[in-house]
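> Predicted coordinates and the sequence they were generated for:
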Amino acid sequence: MNAFIAAANPAAVLALIERVERAESRKEHTEYWYGVRLERLKDMAKQRGFWPEMAAIIANGTPGNEPPTYAQQLNLAIGRAENAEKKSAALLKRVSKLEGLARAALLAFQYIDDRSAGSSEAWDALARALGMDPGESSVSEMVTALRAMAATPAGR
């Protein structure tokens, strides 16, 4: 479709390219213009000894000795809530992994008890809990799988 548009109206495509280049040039100029002025203001504020207050105004909108605004408090609370949600999700994931490890370990102990009785139900349940095929799993493969579950950073 783009090749069709370019072939149908090359003048329009060239005009759009020029507009994009002009916009990029203006953006670079604006960033430079404000960047130079802010650097000069920062240097002057440091020389005259009021840089901490000026930096506080730039960052927070207040010179630092005023109480935070409602919007600032709300943003802080939102940030803390989002951080708490992330930590909660990570902890729930860790608990789930630890529960799986504990379930697999209990099945392993049950297998040891059932082995003397000649039962293979616990073996099959352990293999399924580890995501393995009960008929094709060996003890060493299960031990390796259990160690891998226990060795993850979340499992410790």
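Structure's in. What do you need?
> For Glu66, identify the helix or strand it belongs to.
Per DSSP states H and E: Glu66 is located in neither a helix nor a strand.
> can you tell me how far it sits from Asn9?
To Asn9, Glu66 is 57 Å away according to C-beta to C-beta, to the nearest Å. Yep, even glycine has a C-beta here, placed from its N, CA and C like the rest.
> Repeat that for Leu74.
Look at Leu74 and Asn9: by C-beta to C-beta, they are 49 Å apart.
> max-length helix in this protein?
Taking DSSP state H as the criterion, the chain has its longest helix at helix 70-117.
> what helices or strands is that one leaning on?
Applying 3 or more C-beta pairs under 8 Å, 6 or more residues apart in numbering; DSSP states H and E, one finds that helix 70-117 contacts helix 121-129, helix 139-151.
> Quick test: name the residue nearest the centre of this protein.
For the chain, the residue whose C-alpha lies nearest the mean C-alpha position (C-alpha atoms, centre = their mean) is Lys86; its distance is 8.6 Å.
> returning to that earlier point: just name the most buried of the helices and strands packed on helix 70-117.
Mean neighbours per residue, mean count of other C-beta atoms under 10 Å, is largest over the helices and strands packed on helix 70-117 for helix 121-129, with a mean of 19.
> Please name every helix or strand in contact with that helix.
helix 70-117.
> Around Ser96, count how many other residues there are.
Per other C-beta atoms under 10 Å, the neighbour tally for Ser96 reads 11.
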